[in-house]
Structure formats: C-alpha cells, structure tokens
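> Quick one, fold the following:
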Amino acid sequence: MKIKIVLMGGMGYPVTETPWGMPRLKSRFEALGYEVLLVNWAERQQVYNFVQGDGPLAYLGDSLGAGSAAQYPGDIKRPVQFVGGFQPSEYDARSRNIQITVAGNCELAHAVFDPWWMDTAGLGYARYARAADSKTIVLNTEHRGAHPDDWGWSQDLLYHHAVSQLEKK
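Okay, here's the model as predicted:
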C-alpha cells in the first residue's frame, strides 16, 4: 500500500508560493516514496479523486489550505492518520471563534499558528479543534513567523510528525 499525502496551498497558491514552502515539503515526502498531490486549497474534487483507495493518508495545508486539510478528510469514510496546518486563517469561512474543526475520522491533527494576531493580521491566528464525539488528538503549537510559515522550523515539525504517524501503520 502506498502512502498518500495531500498538500494544499492557500489563497495565493501557486503565485505566492516560495520554493521553500509546499514544493520543498512535496519533495521531502516524495523522497520517502510517498505519492503526493500539491494543489490549491479549493481543489476539493481533485483531492477526493486522489485519496481513493487504501493505505495511510495525510493532509497538510497552509493558510486556507490548512482549513481544507482539516475539513476535506470528512469527504471519505476511511481513517486519516494525520492532518497538519501551517497558520490556519481566522478569515477562513470554516473558522468559528478562531477554531477550525477537524473532521472526526482523523487520528491526529496538528496546527502551527502565530499567537500574535498583529504578526499576520489574523491570517495565521486560527487553531484546530476536535469535532464533537470524535477521538481525534488535536495539537496546536504557537510559533511566530511570517505568513504562511510553511518552511524551516514549522515545516520540519509537521513533516516529522506526519512521517512518524504514517509509518506506524
């Protein structure tokens, strides 16, 4: 069974994307032999088509992509091993009181957010929250960084967390 990873860029993807963000993260996962899809946060049907089948699965996204990473797993019936978000946006329509609820079929979700609203004007201020009646483990880590903060320390953190969760299966 092949491990699949969905990576979703935010509002400006791919125009505002840097080589150190999602493209580098994609290369890191591919170097492990994972099958990776990198798309804009709004490509819900393309994501749904990609995740069909069996095997370990993870979704990661930045900004609005972080909101999609938390929500799109709810489109499928099987478990999702990991969801990761780089600076989820409080302006995401899915954000309620600066929280984005993670789909209940996810085992582990981890968001890196900027705790200082002024750093990103709210673009990276939202956090992940557990869905009612789910067993999802939700972690939120504070890290100050320029939006979307999907490189360097934050990327290393979520990359290693995703790999450790996916390789358990």
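> so where's this protein shaky on pLDDT?
Across the chain, the ranges flagged by pLDDT under 70 are 169.
> Please enumerate the strands of it.
Along the chain, counting by DSSP state E, strands occupy 4-9, 35-40, 57-62, 80-86, 95-96, 99-102, 106-113, 127-130, 137-142.
> Compare those and report which one is nearest to Pro73.
strand 80-86 (4.1 Å; C-beta to C-beta). To be clear about C-beta, it is placed using only N, CA and C from the backbone, and glycine gets the same treatment.
> what's the angle from the longest helix along the chain to strand 106-113?
Ranked by residue count under DSSP state H, the longest helix found in the chain is helix 152-166. Angle of helix 152-166 versus strand 106-113, following axes from the mean of the first three to the mean of the last three C-alpha atoms, to 10 degrees, is 180 degrees.
> Can you list the buried residues in helix 152-166?
Ser154, Gln155, Leu157, Leu158, Tyr159, His161, Ala162, Val163, Gln165, Leu166 (16 or more other C-beta atoms under 10 Å).
> mind listing what the last one touches?
Okay, so that is Leu166. Leu166 is in contact with Ile3, Tyr34, Pro56, Ala58, Gln81, Phe82, counting by C-beta atoms under 8 Å, 6 or more residues apart in numbering.
> Pick out the residue closest to the middle of this protein.
Closest residue to the average C-alpha location of the chain: Leu60 at 2.4 Å, with C-alpha atoms, centre = their mean.
> I'd assumed Gly84 was in contact with it.
Yes - between Leu60 and Gly84 there is a contact under C-beta atoms under 8 Å: 3.9 Å.
> hey, what's in contact with both of those two?
Ala69, Leu158, Ala162.
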